[in-house]
Structure formats: structure tokens, C-alpha cells
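Colleague: here is my input; please provide its structure:
(6 chains)
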There are 4 protein chains.
Amino acid sequence: MTESGSDGTLRRRILDATRYLLVAEGYASLSMRKIAREIGCSPTAIYLYFQNKDALVHTLIDEGFGLLYEELREEAARHADPVVRLEALWRRYVAFGRRNPEYYEIMFMLHPERMERYPPEKYRRARRCLELSIQALEEGRRQGVFVVENPRVMASAAWAALHGAVALLLARRVDIRIDPEAFIDTTIRTLLRGVLAPDASLQPASK
Amino acid sequence: MTESGSDGTLRRRILDATRYLLVAEGYASLSMRKIAREIGCSPTAIYLYFQNKDALVHTLIDEGFGLLYEELREEAARHADPVVRLEALWRRYVAFGRRNPEYYEIMFMLHPERMERYPPEKYRRARRCLELSIQALEEGRRQGVFVVENPRVMASAAWAALHGAVALLLARRVDIRIDPEAFIDTTIRTLLRGVLAPDASLQPASK
Amino acid sequence: MTESGSDGTLRRRILDATRYLLVAEGYASLSMRKIAREIGCSPTAIYLYFQNKDALVHTLIDEGFGLLYEELREEAARHADPVVRLEALWRRYVAFGRRNPEYYEIMFMLHPERMERYPPEKYRRARRCLELSIQALEEGRRQGVFVVENPRVMASAAWAALHGAVALLLARRVDIRIDPEAFIDTTIRTLLRGVLAPDASLQPASK
Amino acid sequence: MTESGSDGTLRRRILDATRYLLVAEGYASLSMRKIAREIGCSPTAIYLYFQNKDALVHTLIDEGFGLLYEELREEAARHADPVVRLEALWRRYVAFGRRNPEYYEIMFMLHPERMERYPPEKYRRARRCLELSIQALEEGRRQGVFVVENPRVMASAAWAALHGAVALLLARRVDIRIDPEAFIDTTIRTLLRGVLAPDASLQPASK
DNA sequence: GATGAATGAGCGTTCATTCAT
DNA sequence: AATGAATGAACGCTCATTCAT
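Modeller: Below is the predicted model of the structure:
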């Protein structure tokens, strides 16, 4: 359930049409007219619910972060073991990006100048996602299974790695000879091996 | 060294102005008219040197891949040890991206639709960059210092990780409390630890 | 009677301004911007009523064929005698062309490339105009007053002759020493004499 | 032999390339750049031989009228009998138009505003073509085989009819179910029957 | 709660032409 | 005899947005 309810209200239909168009044609060619055409209303109508195009997109970004956090939080709650939990979080992140390319594009692939008007307090929500990884890393470090200097930096670096994988996959920039699953798997297992204490036995991926 | 040197020719000034605008405003808002305004010529003049906007951007992409490959090749030649070499290649890649955000954006952050008209033979040049990493991985594996199932997939995954780091840094999406150098360092060291054989002693980064 | 009457609606004013410009400057130099300037609106406004330039012109072409067919049908209905009727149709055609040079230009003087996107069903309407002549020729042949091998070909040939006369008059390519009325009259009477049975007495033109 | 010789001089090549482009793409999309590209010289070079685009086209128009007149004069000289001669002239006119669509387009199908700058004395040359028909009509009238009030008007009317046939054929506006040869034949025979004295036996077309 | 009418800015691109060399 | 460099004007069209209703 998203923050604005999933009723058939025009506001909701605008958001959904926007998501559809983001998947179908990408952010670059997203236009108010197209959104309006998609749902059969006038372009003006959109302005009744969103101050402007940016506000509309920002709303979607918020939704996206809400969804992502929910998924990650749920995943984190499911695994007591920090190693298992960390891997699960990472896999979930990648899965989210691949399953929701439209959210992913505006959440993480928009250019900085596009984000300038994005209210900074919203970023805090984005950061909460990272906290889950940080916690797992800290827990694991305390248990001696992770070797990590700075959990926050490590979590960010791992997130960057996952982001790179998702971004290249979505942009279809990965060599077609490479199986996407193997690609993701290699990324995650390499990261895991990179943070695990040398004597910690590397358990098989719970794929 | 680019193909035409840095003489004051209009063609060169167009390319430079384009690079400047790419850094300053991003690809999305790049326009022929802005380029012309930037260098104080008429928009028409650009068409004397480039068939159209795509051709202009493609020229820059070529330049970028030329530069990157040159840097990586030089770096690869400098280090006999595959471990040292791999780390050097990775560091160089990140450095290139951070030093040349404009090239990086059009080389790696453009959406596929934008690239459709990019001549496929040019991609070969792009892939050669990856080959250098693959070779290092293969060599290291033969020497028993790397544990890698599929070097090509591993090289791609590592590239994706580095790309993610560069992309987030350029987009200023990394938490400001995190020192970029530590962020990069952690990324690279984690990757390295992830591919190194367990008994191989991890030497300190030669940074 | 056109489909939307002659109210002062912007749509109508666009169509009228276009017609004016077609007369004043010809199709070749017709531009959306000029139309907008002519009626004092922004070029964008035109796109509220017509999908693009072609659609605008096609609308006028439709109007033109509507008008012409109406005139010819009415004329045909007025005359029982096929000889009188045929001459009346011919005169009416020429009169239409001279009275509506703007319609005539886009209806009959546009190059085929321009028409490619013109929906083919619309052409049927154009052909119905010819059918009226064909019917008159067939009737007259049955009555023995016309000597015609193939009425459809004959009707086309006569139409071509009339078209030539109209086209040259509109283009002011006819020697100025020649009275346009005499020119038209000669064309039509010659055609008539050319199709009449030898023994049919040629009545004076009912001009 | 045209007035400017048919050597391989650049001037000649420009004229030929222009003719080629007129056939291939039509007057509307004729451009100096395309002409230059076609013959592999710079657009500027054209201006060494022709003051501007209009002058270039006017030169071709002159050539066209020269060719047409030559053909018609030769044809006229071949036939003593005015009836035969007139038909021959008409057929030759149509043949010229169909054989030289590029000349025909600029000679007879250009819009009036395009011709404004065409030097009026050149029109006299165009009119000489008509004189040949007028003479045939006058001769035939003196011999009692033609019934013509005003030969000049009649010649113009017949020319208009032929022009209409050629124009519609070139523009492919004639119903595809109609055989072009039959179409032309009908036009000419109808005209002929229209001017022949009632008792003059109509000889079969020398098709 | 929603629309219709309209705009100003901007886009990539093409054109005929000029001028210095 | 010919070119290279450059321009100003124009083109069709799309966009985000506003305003009156």
C-alpha cells in the first residue's frame, strides 16, 4: 500500500501513467502531455495534483524509496544472522532495481541538476535504506565474521557496486554474452568475500 | 592526446564547449544552440564540422574511449604483477571518470536509445578496455593469486562496481559525511579482497 | 457549405488565413509561422486544431473537394439533356478553379510526394466528380449525340484539358492579348465539338 | 546542341546535375547544396557561373524552350499538310513533356511568383512555339479544313489542353486504370475533331 | 474537479548567400 | 577558377506552464 492509497483517483492514475511511461520511453522523453494523453485527461488536470513536473516526479521518487525501504526492512527482519541478512539485503536491492526500472531510474539515475529541487529532508528516507546494511555490518563485525574498517563507508561502497550492476543492466550496457544472473551473482559473492573475515567459511548463496 | 590536438580551430572549440556544457548542465540539456552561444558562433557553423548532434557527441565518445584506453593500456604496461596491475587498472578507471565527468557521462551514462545510432565497431574499442582487466585476472588465476570462476564475468562485475562508485560520486549521491577517497578505496580494496586467493597476503594499496 | 461554417473560431481563422496565403504566395512558401503571423496568434496555437501542417492542408483539400462536388452535383441535377449538362459541368469546373485558386492549387497542383500521406479514401470523393461527366457522356452516347469510344478515358481527357486551361490561367501563363473568357470558351466548345456526333447540330453555348 | 555547348565544363555539369535533381526530387526540394554535392564541388562554385538559384533555373528554362522549339520547328518542317502538321506538333509537344519532365516542370509548372524575375523578353521565345500551331491553323483554315474563329486563341486552348494532359500525367494524378497512351490519344483526337471542318474526313491518327 | 485556449521558449536542422582567400 | 568559413533567417514541431472559465 503506497502512501497515497491505490484507489482509482486521478492523482493515482497520473502517478501510474507516469511510471508506465518511464518504463516505456524513459525519463528523457517523459512529458506532461504524454502523461495526460495516456490517461485521457487534459494536461492541465495534472497541475491540480502536482505543482509541476518536478513535483510529480519527486512524489514518485518518494514512493520508490518507501517501497524499497519496506522491502529491505522486511528482508532484514527475516534473517537473524548478519551475514545471511547482508547478502539478502543486497540481493533484494538488485531485485528491486530490476523489477522496478521506472522507480530505479528516477531514484538513482537522475542527474544532479534534476535533483536540486528535491527537498533535502527526503534524502533522509533514502539513507534509512543504507542504515540496514550498516547495522548488519556492525553486527557481523561485533561477531567477528566481517572485517570492516568503517561500516558506513563499506555499506556505501557495496551499495555503489550494486548500483553499478543494476544501472548497467538496465541500460543494457553489459556484454550480451554475459548471463545477467551470473553477473549479479558474481558481484554479490565478490563483495561478500571482500567483507568476510578470512576464516569465516563462505556459505553458498541462498539464491 | 586527442586526434586533433588542442589548436584553436572552431571544430576543436565546438568539442571543448560541448564538453564544458556536459559537465555544467548534463547531456539532457545539451543543445546545438547552447554550444553555439557558448563559443559565440552561429548554430549553423557547427554543422560545417559535424553532420548533426549525434555525430558531434559520438566524436566525443570516441575521444573519450581513446583517452581511457590509452590510460589503461599505459597503466597495464607499467605493472608486471597481475594483482598490482589489476588494482592499478581499477584505480585508473575511477580516476579517469572523476577527472573527466563529461566524457564519462556520454561514454557510460547514456541511455541505450541514444546509442542506437552509435556505430557498433566503435564499441569494440570500448570492450578492449575490459580485456585488460580480463587478462590480469587470467594471469593472476594461473599464478594462483586470484580465485575467479569466469574472468570475463568477474571483470564485468568489478567494472560495474567501479562504475557505480564513479556514477554516484559524479551525481553527488554519496553521503557528504563520507570521504570520497575512502569511499573509492573501500570499493577497490573490497573488490580486491573478493578476488584474491585466501592465502594471498593482501598488500597495502600502493596509492 | 464547409463543415464548420464561417464563425470566427480560431480553427476557422486558421483555415481562412491558409487559403489567403495559398492565393497570395502559393503552397511552396506556405508556413505554419506565416499562418500564425497572419492571424496574430502563436505558431503553437495552430497545433491545437491540426495535428501538423499536412493535416491542415488535407483539411482544406477535403473542403475543396466537398465544395467542388457539391457544385457539380447541383449543376448536373439542373440539366436533363446530357449535352447541355456536360457543357455545364465543364464550365462549372473551370469557374470553380478560377474562383477558388487556393483550393485549386492544393487539390490539383500539388506534387505526388505531398499527397502520399493523404488518406486514399478521400480520393474517392475526388473521383466522384469525374463520374458525373462520365454519366453524361454515357447517356449522350446512348442517345446517339456523343461519339465516344471510352467514356471514362474521354472524361479524363476533357478534365485534363480543362485543368490545363485553369492551371495556365491561374499561373498567368496565357498570352495577355488573349481574353480569358474567349480562351475558356474556345477550350470548352472545341472539346464539345470533339465529342459530338457529326450530325448533332452544335447549339450555342448557354453561357 | 544547347546554347552553352555540351563540354564537361563545370557550368555544364551544374546544369546537368540540376536537371537530374529536378527529375529525381522535384523543384521543391532543389537546393544549391544538393547540386554541389551531386557534382562534388562546393556550393560557392555555382555562384561563379550563375548569379543565384533563380538565374540557374532560368538558364535551364531557356534551354528547355530552345529544345522544345527546335523539336517543334523540325516537326513542322516535315509535314506540308496543315492537319497532319498540327497533329504532329501536338504529339511532339506531349512527347517532349513526358520525355523531359525536369524541363517541363520548370518551364510550365512553376508558380507565378517564381517567374516574376524571369526576364520578359525570354517569354517571346516561349511564344514562338505557339506560332507554329497558329500557322498550321491559319493554313488549314485557308484551305477550308479547319473551322477556327481565332487561330491564336484556338492554339492557346489546344496548348492548354495538352499541358493539362502532360501535367496530370507527370503528377501521376490520372486514374491508374487509364492507359496513358489512350489518354493522350483521346485528348489529341478530340481536339482535332474539334477543329476540323465537319466535312473533312478524319484520318486515322499516325500513332 | 476539470477543461480549453493559448503562449513563449526552445529544439535540430536546412537554406541561399557572402566574403576573404 | 575555386574553396572554406560563416551567417541570418526560416522551418516544423514539442514542451511546461498559465489563465479564464
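
Colleague: identify the residue nearest A:Leu132 in space, chain neighbours excluded?
Modeller: For A:Leu132, ignoring the flanking residues on the chain, the nearest one in space by C-beta to C-beta, 6 or more residues apart in numbering or on different chains is A:Ala76 at 4.8 Å. Glycine gets a C-beta too; all of them are placed from N, C-alpha and C.

Colleague: after the helix or strand bottoming out on mean pLDDT in chain A, next one along is what?
Modeller: Ranking every helix and strand in chain A by mean pLDDT, DSSP states H and E puts helix A:112-115 at the bottom, with a mean of 74. Downstream of helix A:112-115, the first helix or strand assigned by DSSP states H and E is helix A:120-142.

Colleague: just the CA trace of that next one, in PDB.
Modeller: Output in PDB follows, covering the C-alpha atoms of helix A:120-142 (Å, rounded to 0.1, in the frame of the first residue of the first chain):
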ATOM      1  CA  PRO A 120      16.700  17.500   1.300                       C
ATOM      2  CA  GLU A 121      14.700  16.100   4.200                       C
ATOM      3  CA  LYS A 122      13.500  13.400   1.800                       C
ATOM      4  CA  TYR A 123      17.000  12.200   1.400                       C
ATOM      5  CA  ARG A 124      17.000  11.100   5.000                       C
ATOM      6  CA  ARG A 125      14.500   8.500   3.900                       C
ATOM      7  CA  ALA A 126      16.800   7.400   1.300                       C
ATOM      8  CA  ARG A 127      19.500   7.000   3.800                       C
ATOM      9  CA  ARG A 128      17.500   4.800   6.000                       C
ATOM     10  CA  CYS A 129      17.900   2.100   3.400                       C
ATOM     11  CA  LEU A 130      21.600   2.200   3.900                       C
ATOM     12  CA  GLU A 131      21.300   2.000   7.700                       C
ATOM     13  CA  LEU A 132      20.000  -1.500   7.400                       C
ATOM     14  CA  SER A 133      23.200  -2.600   5.700                       C
ATOM     15  CA  ILE A 134      25.300  -0.600   8.200                       C
ATOM     16  CA  GLN A 135      23.600  -2.400  11.100                       C
ATOM     17  CA  ALA A 136      24.200  -5.800   9.600                       C
ATOM     18  CA  LEU A 137      27.900  -4.900   9.000                       C
ATOM     19  CA  GLU A 138      28.300  -3.700  12.500                       C
ATOM     20  CA  GLU A 139      26.600  -6.700  14.000                       C
ATOM     21  CA  GLY A 140      28.800  -9.000  11.900                       C
ATOM     22  CA  ARG A 141      31.900  -7.100  12.900                       C
ATOM     23  CA  ARG A 142      31.000  -7.500  16.500                       C
END
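
Colleague: the longest helix anywhere in chain A to helix A:120-142, inter-axis angle?
Modeller: Of all segments of type helix in chain A, defined using DSSP state H, the longest is helix A:53-78. On the basis of axes from the mean of the first three to the mean of the last three C-alpha atoms, to 10 degrees, helix A:53-78 is oriented at 20 degrees to helix A:120-142.

Colleague: now for helix A:53-78, which elements pack on it?
Modeller: Judged by 3 or more C-beta pairs under 8 Å, 6 or more residues apart in numbering or on different chains; DSSP states H and E, helix A:53-78 is in contact with helix A:10-25, helix A:82-99, helix A:101-108, helix A:120-142.

Colleague: let's have those helices in CSV, adding mean pLDDT and mean neighbour count.
Modeller: Formatted as CSV, the helices and strands packed on helix A:53-78 follow (pLDDT from 0 to 100; neighbours: other C-beta atoms under 10 Å in any protein chain shown):
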stretch, mean pLDDT, mean neighbour count
helix A:10-25, 94, 18
helix A:82-99, 98, 20
helix A:101-108, 95, 21
helix A:120-142, 91, 16
